[in-house]
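*Asks:* below are the sequence and a predicted model for it; my questions follow.
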Amino acid sequence: LPGLALAQSDRGQERLVAMSESFLASHPDLRYRLEGLDALDRGRAAEAVGLFRRAARYADKPSQSMLGEMHWTGSGVPVDRVLGYIWMDVAAERGYPLLVAKRESYWSQLTPEQRLQVRERGLDVMDEYGDPAAKPRLAKLLERGKRGATGSRLGFVGALVIRIPTAVGYQEVRGHEYYADKFWEPDAYFRWQDRDWQQPQGTVDVGEVLPDSGTGPGEDNRD
């Protein structure tokens, strides 16, 4: 989950834009998720829980899944499998295959009593952090950030060039790239978020070729 939670910020120009301070100021979902992952990497799990919860208020499914995992395993918080399942259920709301599979795995491990508690405790979490409540929170900030592009109420970016400080000096991004709809228009932004989670990408390391076992064509050697 932590690896996939970083997926959106791992594509060249998109990474440059998404990691800039000005971008993160209007995208608290990504900002608090990255801060949470950094805290987790530094061994500050309890701090990470608080940061993921902040991101979760802005419809960030990766952060919600991290909260599910951390409550389930007791990382930074006491073990609470009911709450772990509830968070994973909220995270799986959009049908991301990995998160749906995690949710169903959690459900299969709950006792009948715990399943009853899910129904009693889960509604409040869904009401606060589910997409119907959380998406509009983020949409307001995205729209405000887009309107403030140049100080113009028209949001015209024209020939605007944005200089982003990096570890190797300033890098420039054209205004139309920085203010692309996928970063600032709510519906397009959520589709951009969905891209990596609907069809997760990955790599597989293939080992050394094994010596021929002597099995001939058409024979099945399963020993």
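*Replies:* Alright, I've got the coordinates.

*Asks:* going forward, measure contacts and count neighbours with C-alpha atoms only.
*Replies:* Fine.

*Asks:* can you pull the contacts of the closest residue to Gln198 other than its chain neighbours?
*Replies:* Take Gln198 and drop its neighbours on the chain: the residue closest to it by C-alpha to C-alpha, 6 or more residues apart in numbering is Tyr96, 5.1 Å away. Applying C-alpha atoms under 8 Å, 6 or more residues apart in numbering to Tyr96 gives the contacts 194, 197-198.

*Asks:* how far away is Tyr96 from Val90?
*Replies:* Separation of Tyr96 from Val90 (C-alpha to C-alpha, to the nearest Å): 11 Å.

*Asks:* what's the answer for Ala48, then?
*Replies:* Taking C-alpha to C-alpha, one finds Ala48 at 18 Å from Val90.

*Asks:* do Gly122 as well
*Replies:* Computed as C-alpha to C-alpha, the Gly122 to Val90 distance reads 9 Å.

*Asks:* who has more neighbours out of those two?
*Replies:* Val90 (25 against 18; other C-alpha atoms under 10 Å).

*Asks:* so the more buried one sits against Pro132, correct?
*Replies:* No. If you go by C-alpha atoms under 8 Å, Val90 and Pro132 don't touch, sitting 11.3 Å apart.

*Asks:* could I get the CA-only coordinates of the helix or strand where Glu113 lies as CSV?
*Replies:* Glu113 is part of helix 112-129 when elements are defined by DSSP states H and E. What follows is helix 112-129, C-alpha atoms only, in CSV (Å, rounded to 0.1, in the frame of the first residue of the first chain):
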residue,chain,number,x,y,z
PRO,A,112,-19.8,-12.5,13.9
GLU,A,113,-19.7,-10.1,16.9
GLN,A,114,-17.2,-7.9,15.1
ARG,A,115,-19.3,-7.8,12.0
LEU,A,116,-22.2,-6.5,14.0
GLN,A,117,-19.9,-3.8,15.4
VAL,A,118,-19.0,-2.7,11.9
ARG,A,119,-22.6,-1.8,11.2
GLU,A,120,-22.9,0.0,14.5
ARG,A,121,-19.6,2.0,14.2
GLY,A,122,-19.2,2.4,10.5
LEU,A,123,-21.9,4.8,9.5
ASP,A,124,-20.3,7.8,11.3
VAL,A,125,-17.0,7.2,9.6
MET,A,126,-18.6,6.9,6.2
ASP,A,127,-20.7,10.0,6.7
GLU,A,128,-17.6,12.0,7.6
TYR,A,129,-15.0,10.5,5.2
